[in-house]
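> Just to be clear, the model below is a prediction. Sequence and coordinates:
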Amino acid sequence: MPLTSDHPLLDGRTGTSPLVRAYRGDRPETTPVWFMRQAGRSLPEYRELRVGNEMLDACLTPSLASEITLQPVRRHHVDAAIFFSDIVIPAKLAGVEVAIVPGKGPVFANPIRTAADVAALRPLDPEALAPIREAVAMTVAELGSTPLIGFAGAPFTLASYLVEGGPSKDQLRARTLMYTEPQVWATLLNWCADIAGEFLVAQVEAGASAVQLFDSWVGSLSEQQYVRRVAPHSKRALSHLRGYDVPKVHFGVGSGELLRAMHGIGADVMGVDWRIPLDTASERLGGDVPLQGNLDPALLGAPAHVLEAHVQDVLDRGLSAPSHVVNLGHGVPPETDPDVLTRIVELVHG
Ligand code: 1CP
């Protein structure tokens, strides 16, 4: 489906913004920058707003989700907002019982481990996405010419949480299921792909100007297994956006060996983690893929001159790609001094 003429990408608000231009392979006058997990615990204004509000309730209360999304844009003058939500929200809206435990992450009361568990998963009713559409619309109305990035968790990362029942180090249980019950696995990943795809469509239709598909834990897979058992489902998630002309970013932690295969699912831009320099990433991708990344979050706590040299190095290496959006190699750690992030934005823009 095409975007409507009042969508920010088409009505003159974000179509020529530095972020959208860079995502489309162009080099704007200033290099755009935003940060994964820019909303959240590094900001005192976020911590204040969260007092008395559970994480998932905040995500599903449009005024709160919108305000939290806007906070880092006001403070840091980043080139994009990323919608404040969580990768488990579509599962919750499809009726799966999940809580976000402070200091831990998403925890599922009933992990999905058998054919019967998978068969009992219900589709996501588009009506259930109403709070998401409302929050996105409210946010976009405030953002003006700053694009909003919508996002979803990719099927593998989402399925890892569902199978494990919560965060895990190596996604062992999930990978065991992948090998031993390939049919159950495929059905589960298709379900994840469809709820993620619908979540993305809701955000785009309500005004998001780009999307990012997070396959955060994909680095625990071999390339062979990724291509065979995961990539087709990630492709299915993005295929929900067929016909919508929005830039699609794909990102995974520890994905240096998988960059080419991950790009192949239909991504326009590849997010790169901190383990592989951008020039190497660009070479692996054939030199013609816009890149996003890849400051090492560990350097956010380093002395200013060390951090500044690192930012410059990332900018220099980013020149090897057709275009570059500066970001971290993974999310902002909660203990980050937010002034450091503001300073990075000034450096990149300067
Ligand atoms: O600015 C933003 O980026 C905020 C929006 C956002 C996004 C894009 C949040 C809010 N979560 C996510 C995606 C998300 N959630 C991912 C993919 C990105 C990534 O790799 O970081 C993943 C893996 C999750 C799962 C999750 N949710 C975790 C990780 C647990 C683990 O396995 O290590 C955690 C801690 C959460 C909770 C969560 N989600 C978001 C925030 C701000 C928080 C912390 C909640 C709090 O305030 O305590």
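That came in fine, so what should we check first?

> C-alpha only now, for contacts and for neighbours.
Will do.

> Count the residues that sit near the residue of the chain found nearest the ligand.
Of the residues in the chain, the one nearest the ligand is Arg37, at a distance of 3.0 Å by C-alpha to the nearest ligand atom. If you count neighbours by other C-alpha atoms under 10 Å, Arg37 ends up with 18.

> So which bits of this protein are right by the ligand?
Applying the criterion C-alpha under 6 Å from any ligand atom, the portion of the chain that neighbours the ligand consists of 36-41, 55, 82-87, 100, 102, 104-106, 167, 214, 216, 331.

> Now list the buried members of the residues you listed.
37-41, 55, 82-85, 87, 100, 106, 167, 214, 216 (16 or more other C-alpha atoms under 10 Å).

> Looking at those residues, which are in strands?
Within those, residues falling in strands by DSSP state E are 82, 100, 106, 214.

> hmm, back to that, with respect to Thr146, which of the buried ones among the residues of the chain next to the ligand is nearest?
Ile82 (10.5 Å; C-alpha to C-alpha).

> wait, what's in contact with the closest one?
With contact taken as C-alpha atoms under 8 Å, 6 or more residues apart in numbering, Ile82 is in contact with 36, 38-39, 69, 148-151.

> Dump those residues to a markdown table, plus distance to Ala206.
A markdown table is the format used below for the contacts of Ile82 (distance: C-alpha to C-alpha, whole Å):
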| residue | distance to Ala206 |
| --- | --- |
| Met36 | 21 |
| Gln38 | 21 |
| Ala39 | 20 |
| Thr69 | 15 |
| Leu148 | 10 |
| Ile149 | 11 |
| Gly150 | 10 |
| Phe151 | 13 |
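
> Next, report how far the helix or strand hosting Leu200 is displaced from the centre of its chain.
With the criterion set as DSSP states H and E, the secondary-structure element containing Leu200 is helix 182-205. Computed by C-alpha atoms, centre = their mean, to the nearest Å, the chain-centroid distance of helix 182-205 equals 15 Å.

> So which elements touch it?
helix 89-93, helix 115-119, helix 130-143, strand 148-153, helix 155-164, helix 172-180, strand 210-214, helix 231-239 (3 or more C-alpha pairs under 8 Å, 6 or more residues apart in numbering; DSSP states H and E).

> who's in contact with the longest one?
Right, the one you point to is helix 130-143. If you take C-alpha under 8 Å, 6+ apart as the criterion, helix 130-143 is touched by 8, 60-63, 65-67, 69-70, 83, 147-148, 202-203, 205-208.

> Specify the residue positioned farthest from the middle of this structure.
Largest separation from the mean C-alpha position in the chain: Ala116, at 30.2 Å (C-alpha atoms, centre = their mean).

> residues in contact with stretch 3-23?
27-33, 79-80, 140, 144-147, 205-210, 244-245, 247, 268-269, 290, 323-325.

> Quick check: beta-bridge partners of the closest residue to Val204 other than its chain neighbours?
When the adjacent residues along the chain are set aside, Val204 lies closest to Gly150, with 6.8 Å between them (C-alpha to C-alpha, 6 or more residues apart in numbering). Applying DSSP bridges to Gly150 gives these bridge partners: Val211.

> Flag every buried residue along stretch 104-119.
Applying a neighbour-count criterion of 16+ other C-alpha under 10 Å, one finds 106-108, 111-113, 118 buried in stretch 104-119.

> tell me the contacts of Phe35?
Phe35 makes contact with 327-328, 331-332 under the criterion C-alpha under 8 Å, 6+ apart.
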